[in-house]
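J.: Have a look at this prediction, sequence included:
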Amino acid sequence: QVQLVESGGGLVQPGGSLRLSCAASGTIFSVNAMGWYRQAPGKQRELVAVISSGGRTNYADYVKGRFTIFRDNAKNTVYLQMNSLKPEDTAVYYCNVGITYDSISGRSEHDYWGQGTQVTVSS
């Protein structure tokens, strides 16, 4: 089994910073692409940033220059450094991790979601 544990959300004033983390654990053969999504009340879940296994990154236009995604492969952990936060960044943030694992039925790949962490930007 594979588990993802997120941490780092909270309440921050506009212009402030937060760092989110998402750690994968379990029977893991390899960790593939890792990403962050967010969902604000009444809106669809949207991509924030993604990082490939080779370190290539891609960002949504609305976070470019403010957010940085990076990963620690030794810890199977992905981070999202969020700077210059705005009220419109308020949402539940979810990590999404592609994992290859071994089971009795062989080697498989699956995308896993974290439990979500609330980020609130307000004065």
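T.: Received the coordinates, thanks.

J.: drop to CA atoms for contacts and neighbour counts, all remaining ones
T.: OK.

J.: Okay, now the unreliable bits of the chain?
T.: Residue ranges of the chain with pLDDT under 70: none are present.

J.: which parts of stretch 70-82 are buried?
T.: Residues of stretch 70-82 classed as buried: 70-71, 76-80, 82 (neighbour count, 16 or more other C-alpha atoms under 10 Å).

J.: ignore the last one, stretch 101-114
T.: Under the neighbour-count criterion of 16+ other C-alpha under 10 Å, stretch 101-114 has 101, 112-114 buried.

J.: now the end-to-end length of that stretch.
T.: 17 Å (C-alpha to C-alpha, to the nearest Å).

J.: do the same with stretch 9-22
T.: End-to-end for stretch 9-22, by C-alpha to C-alpha: 11 Å.

J.: gap between that stretch and the chain center?
T.: Computed by C-alpha atoms, centre = their mean, to the nearest Å, the chain-centroid distance of stretch 9-22 equals 13 Å.

J.: State the three-state secondary structure for Q3.
T.: The local conformation at Q3, judged by DSSP: H, G, I helix; E, B strand; the rest coil, is strand.

J.: Touching, it and T27? I think so.
T.: No - under the criterion of C-alpha atoms under 8 Å, Q3 makes no contact with T27, lying 9.3 Å away.

J.: which residues are in contact with both of those two?
T.: Here Q3 and T27 share no contacting residue, scored by C-alpha atoms under 8 Å, 6 or more residues apart in numbering.
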